Structures are given as structure tokens and as C-alpha cells.
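In: sequence below, structure please.
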Amino acid sequence: MSADPTPDSARTTLSEPVTISKIAEAAGVSVPTVSKVLNGRADVASETRARVEELIRRHGYRRRRGPGGGRSSMVDLVFHELDSAWAVEVIRGVESVARSEGLSVVLTESGGAQTPRDDWVDAVLARQSTAVILVFSDLAPEQRTRLTARGIPFVVVDPAGDPGPDMPSVGSANWNGGLVATRHLIELGHRRIGVIGGPRHVLCSKARIDGYASALDSAGLTADPALVRYGDFHVESGRDRGRELLRLDDPPTAVFAGNDLQAMGLYEAARELGVRIPEDLSVVGYDDLPVARWMGPPLTTVRQPLTEMAEEATRMALTLARGGTPANLRLDLATDLVVRRSSAPPPAS
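Out: The predicted structure follows:
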């Protein structure tokens, strides 16, 4: 049996109430050192920081807050990337709720990584943010521990993976969205329907494709693996995967694109190949970004309530910051099909 690597001092059971001085005594450090850890200061040795944070986590220590709550008037909003209209809708929702509460929003991009860097956590702790909203991202276990130890709540919008039962999150009914989008195309008479999903490992993408497959199955249609493609939710992948589908010997008469940006790319692929929308190819997107209604032709799409999702996530985070308990720690908001002119019956054979 391997030895327990936890320092003896970190296994110490402290008497109630737990104070900074008791944490310091158990960790074998000074009170100012514990205070530095609580404030996210960088000038603490990593081993010492880990020992103190483990004691804080195990004993549920929370700093006493003054009349102002002991927090800055800031909410941290973290994106894995910012280069899309999708992000603007989320920012609008967070900013709306934060502004109504007299809070400012600090915006961070993690450079495409699904988990923020550790120096980002240091910055959040240093400025004692009221709460953290993560978009399409997650936190490493040690990052969760550090934020929790300081009483800084976090909520994920549209989680990339399974957030787990203890991770507050807000998403949309992705499976039902994929089902409704595909069922719409089936009801128009399409039988050969392609799909361009997002990354294989991303939760919302898998759910939308599962909904697509379920719609085909319930209609007695066999899903053709050749018609399933995976992209990255960007315009370019919609164009590239769209070319692949439209160049098949037996191409689809309709495609469900995993988001509106990929639908835009599919439009470009169709133009390049002389395929008319919707006369030769019907297209359904997902998100209902403002640009969808201005595409040529206007895009039929599944409306994902992005702004509302961001608002709910911010309200949930602020409820947690005030010591409250949200009615639900996992919310999936409803989606709606918005029918425009990019979907029509298939061409006569």
C-alpha cells in the first residue's frame, strides 16, 4: 500500500471555529503567510501554498466579509476563444445582469484551451472577484479547489464536457435541437440528410448529433456514416466538410449544420459547386445568431437562447456568491426551430 502523500499538518482536525490563526498553526506557517494565500499573492512557496489550501479546503474556511462583502465589484468572464458572433451574444447576457447589480465584467480568452492557465486563477484571487463565468470551458480540479477555498463561485455556460453533479452549469436542450432540426427536414421529404457537427469530444456537439440520429431512427431511416462529418464550429470547417459532402457520388439533399457559422461555410461550398439553396440543398443551422436572418437565403435554424443562458449563469453565480442555493445547479434551456427560406422539399428525382 502506498503512503499517504498528504502532510501530517494538513491531516490535522481543527477545532471550531476555524480561524486564520488555527490554519496557520496546523500548516506550520505564520498568519501573514495564510493571508497571502487567501489573497492570491504569488510570493508563497508552492509546497506551502498547497499545504495551506488543503487545510482551507478540508475545513471549509471562509474569510469573514465586511459590509461590502469583502469582494471587488467584478465578475470574471472566461472564453476559450472570442473570434465569433456567438461570443458577443454571451457577453451581452453577462454584461446585462452584471450592470444591473453594479458590477463590472473582466473578459479573458484562454487561447483556445478548454482550461484556463493557472496564472489566470492567481489574477482572479488577487482581485477577489465576486464570481466567475466560464464559457465552453472547464476548470482543473486544483483550480476548482483554489476558487472554492476563497469562496469565489463559478458557473459554466455550454460546458464542453460533462461538468459533473457539483459543477454549476447552464446549457441548452442540444439533443432536442438536433432532433427537431432533422425531423423538420424529414417532414419536408428529405431522406438523405447529412450533418456537420462540432468537435467529436464536445458535449453539445455529441448531443446534437445524437438527436439527428434519433430523428432518422424514429422515421425508419438508416443513418449513413458517409454523411456524418465533424468540424470545429467555425466557418472554414463548414465550408471544407460541406465540400466533402457535396462531392459525394450520392450527395445529401439536406444538411444539418451543428451551428450557424458552419452553415455559413456550407453556403460557400454550395456556391463554389453550383448547388442552389434550397432548390438543390436544404440547410438547417443551430444558434440563430443575428446574421442568420441576413444570409442568402435566410437560414432556417434552431434558436439557442445564448443571451438568456448567459444571464441565467450570471444570476446563478451571484446567488452562490451571496451564500444562497440556486433551485438547480444544472439548467438546460429550451430551443426552438426558426423556419426561414433555406429549407424546402427535395428536388424531384
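In: could you list the domains of the chain?
Out: 20-59, 74-172+307-334, 174-303 (the TED database).
In: redo the ones you listed as JSON lines? Include distance to Arg340 and mean pLDDT.
Out: C-beta: built from backbone N, CA, C; applies to glycine. Listed next are the domains of the chain as JSON lines, based on distance: least, Cβ to Cβ, whole Å; pLDDT from 0 to 100:
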{"stretch": "domain 20-59", "distance to Arg340": "49", "mean pLDDT": "73"}
{"stretch": "domain 74-172+307-334", "distance to Arg340": "17", "mean pLDDT": "83"}
{"stretch": "domain 174-303", "distance to Arg340": "4", "mean pLDDT": "95"}
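In: just name the most buried of these.
Out: domain 174-303 (a mean of 21; mean count of other Cβ atoms under 10 Å).
In: mind checking the end-to-end distance for that domain?
Out: End-to-end distance of domain 174-303 (Cα to Cα, to the nearest Å): 10 Å.
In: strands of the stretch 51-200 of the chain, start to end?
Out: Counting by DSSP state E, counting those that start in this stretch, the segments of the stretch 51-200 of the chain that form strands are 74-79, 104-109, 131-135, 154-157, 169-172, 193-197.
In: please identify which helix or strand holds Ser343.
Out: Element membership for Ser343, per DSSP states H and E: none, as it lies in no helix or strand.
In: how near is it to Val180?
Out: 12 Å (Cβ to Cβ, to the nearest Å).
In: what do you get for Thr115?
Out: 32 Å.
In: next: Leu227.
Out: Counting by Cβ to Cβ - Leu227 and Val180 are separated by 19 Å.
In: Gly296 now?
Out: Distance of Gly296 to Val180, given as Cβ to Cβ: 24 Å.
In: and what of Ala131?
Out: To Val180, Ala131 is 33 Å away according to Cβ to Cβ.
In: helices of the stretch 151-300 of the chain, residue ranges please.
Out: 174-187, 203-218, 235-246, 260-272 (DSSP state H, counting those that start in this stretch).
In: and those: which comes nearest Asp162?
Out: Asp162 sits nearest to helix 203-218 of all the helices of the stretch 151-300 of the chain, at 6.3 Å, using Cβ to Cβ.
In: what helices or strands is the closest one leaning on?
Out: strand 169-172, helix 174-187, strand 193-197 (3 or more Cβ pairs under 8 Å, 6 or more residues apart in numbering; DSSP states H and E).
In: in CSV: these, plus distance to Leu329.
Out: Output for those, formatted as CSV (distance: least, Cβ to Cβ, whole Å):
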stretch, distance to Leu329
strand 169-172, 7
helix 174-187, 18
strand 193-197, 27
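In: what's the closest of those to Arg330?
Out: Of all the helices and strands packed on helix 203-218, strand 169-172 sits nearest to Arg330, with 5.5 Å by Cβ to Cβ.
In: for the closest one, which strands pair with it and how are they oriented?
Out: strand 154-157 (parallel), strand 330-333 (parallel) (DSSP bridges).
In: got the contact list for the residue nearest to the spatial centre of the chain?
Out: The centroid of the chain falls nearest to Phe136 when counting by Cα atoms, centre = their mean (2.5 Å). By Cβ atoms under 8 Å, 6 or more residues apart in numbering, the contact list for Phe136 reads 79-80, 114, 157-160, 202.
In: hang on, isn't Thr335 packed against Gly178?
Out: No: assessed by Cβ atoms under 8 Å, Thr335 is found out of contact with Gly178, at 9.4 Å.
In: can you list residues touching both of those two?
Out: By Cβ under 8 Å, 6+ apart, Thr335 and Gly178 have these common neighbours: Val302.
In: any idea how far Thr115 lies from Gly258?
Out: 23 Å.
In: my error: substitute Gly238 in the last question.
Out: 8 Å.
In: what's the overlap in contacts for those two?
Out: Joint contacts of Gly238 and Gly258 (Cβ under 8 Å, 6+ apart) are 196, 231.
In: give the burial count for Arg341, as a bare number.
Out: When neighbours are counted by other Cβ atoms under 10 Å, Arg341 registers 13.
In: report the contact partners of it.
Out: Here Arg341 is in contact with 278, 297-298, 300 (Cβ under 8 Å, 6+ apart).
In: can you do 7 Å?
Out: Arg341 is in contact with 278, 297-298, counting by Cβ atoms under 7 Å, 6 or more residues apart in numbering.
In: export these to TSV and tack on distance to Gly323?
Out: Converted to TSV, the contacts of Arg341 look like this (distance: Cβ to Cβ, whole Å):
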residue	distance to Gly323
Pro278	53
Pro297	51
Pro298	47
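In: of those, closest to Leu289?
Out: Within the contacts of Arg341, distances to Leu289 taken as Cβ to Cβ reach their minimum at Pro298, with 12.0 Å.
In: nearest residue to the closest one in space, ignoring adjacent ones along the chain?
Out: Excluding the flanking residues, the one nearest Pro298 by Cβ to Cβ, 6 or more residues apart in numbering is Arg340, at 3.8 Å.
In: with Pro297 as the reference, measure out to that neighbour.
Out: Distance from Arg340 to Pro297, by Cβ to Cβ: 7 Å.
In: kindly state the beta-bridge partners for the closest residue to Leu331 other than its chain neighbours.
Out: If the residues on either side of it in the chain are set aside, Leu331 comes closest to Val170, at 4.7 Å by Cβ to Cβ, 6+ apart. According to DSSP bridges, the residues that bridge with Val170 are Val157, Leu331.
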